[in-house]
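J.: Sequence isn't available, so here's the structure alone:
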């Protein structure tokens, strides 16, 4: 079975997508990239967010340079990329999309917004990720005439082997059971935002595989966040109807 040269996992934030990426790293048959366009979005020379405007852009980091790195790496072997659509949607032309095998991961918007707002109380509608994910999902579905593979995070955590097997079959790569477990430890490979991995990946550092989260959050009460949740729920419900079921 020939692996896709550029295998994409487009996700919503706080959706266990980094654990999914960590599973892909355990396989050993893909060069894995952690949110390369999201880094451009916030810290590139042509960044599109002013969230950390006080931080000087990273020299040499740009959308063009990132695409060159990804494309060049794919010439030598299969590449897996986990990222958020909002980071790069403006640059995703049809030719670029045609080079990729697309898959999607989303999570209940209540958990997404609770988790995101814990770190960024001022998180924006764009950063919640649902609208851009929804647009790209249907763009690919309309192009191909069939829905691309989509995983719902709750399904994944409830039965990792079954969901990962279904996903592997859908994207045409072999299933490797051993990749679903790993040793707890540092995760420097996924640390580009801020200093070190910070609190974003505490759960991943402590984990040894996919697991239902034990963290709890207060109810969403801020009117602005309530509105984000209501808007996201509509898109989530529509997308979730297409999710993989083993």
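T.: Noted; the coordinates are in hand. In this text the structure is predicted, and so the values were computed from the model without any measurement.

J.: use CA for all of it now, contacts and neighbours both
T.: Noted.

J.: chain center to stretch 154-170, what's the gap?
T.: Distance, stretch centre to chain centre, for stretch 154-170: 16 Å (CA atoms, centre = their mean, to the nearest Å).

J.: So which residues make contact with it?
T.: Here stretch 154-170 makes contact (CA atoms under 8 Å, 6 or more residues apart in numbering) with 107-108, 149, 151, 174-175, 177, 180, 210-212, 244-246.

J.: quick one, longest helix in this protein?
T.: helix 223-240 (DSSP state H).

J.: mind listing what's buried in that helix?
T.: 225, 228-229, 232-233, 235-236, 239-240 (16 or more other CA atoms under 10 Å).

J.: can you put the residues you listed in a markdown table and add pLDDT and distance to residue 169?
T.: Formatted as a markdown table, these follow (pLDDT from 0 to 100; distance: CA to CA, whole Å):
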| residue | pLDDT | distance to residue 169 |
| --- | --- | --- |
| 225 | 97 | 37 |
| 228 | 98 | 34 |
| 229 | 97 | 32 |
| 232 | 98 | 29 |
| 233 | 98 | 28 |
| 235 | 98 | 26 |
| 236 | 98 | 24 |
| 239 | 98 | 20 |
| 240 | 98 | 19 |
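
J.: follow-up on the earlier one: from the contacts of stretch 154-170, list the buried ones, please.
T.: 107-108, 149, 151, 175, 180, 210-211, 244.

J.: and those residues, which of them are in helices?
T.: Short answer: those have none in helices (DSSP H).

J.: farthest-separated two in the residues you listed?
T.: 108 and 175 (26.0 Å; CA to CA).

J.: is residue 10 in a bridge, and if so with what?
T.: Under the criterion DSSP bridges, residue 10 forms beta bridges with residue 83, residue 104.

J.: and it, how many neighbours?
T.: Look at residue 10: counted by other CA atoms under 10 Å, it has 25 neighbours.

J.: again with residue 166
T.: Considering only other CA under 10 Å, residue 166 is surrounded by 18 other residues.

J.: what's the spacing between it and residue 181?
T.: The gap separating residue 166 from residue 181 is 18 Å, by CA to CA, to the nearest Å.

J.: Can you name every helix or strand that the longest helix of the chain contacts?
T.: Where contact means 3 or more CA pairs under 8 Å, 6 or more residues apart in numbering; DSSP states H and E, helix 223-240 is packed against helix 109-119, helix 130-144.

J.: between it and helix 109-119, how many degrees?
T.: 140 degrees (axes from the mean of the first three to the mean of the last three CA atoms, to 10 degrees).

J.: What are the buried residues along stretch 116-123?
T.: Within stretch 116-123, the residues that count as buried by 16+ other CA under 10 Å are 116-117, 123.

J.: Appreciated, that's everything.
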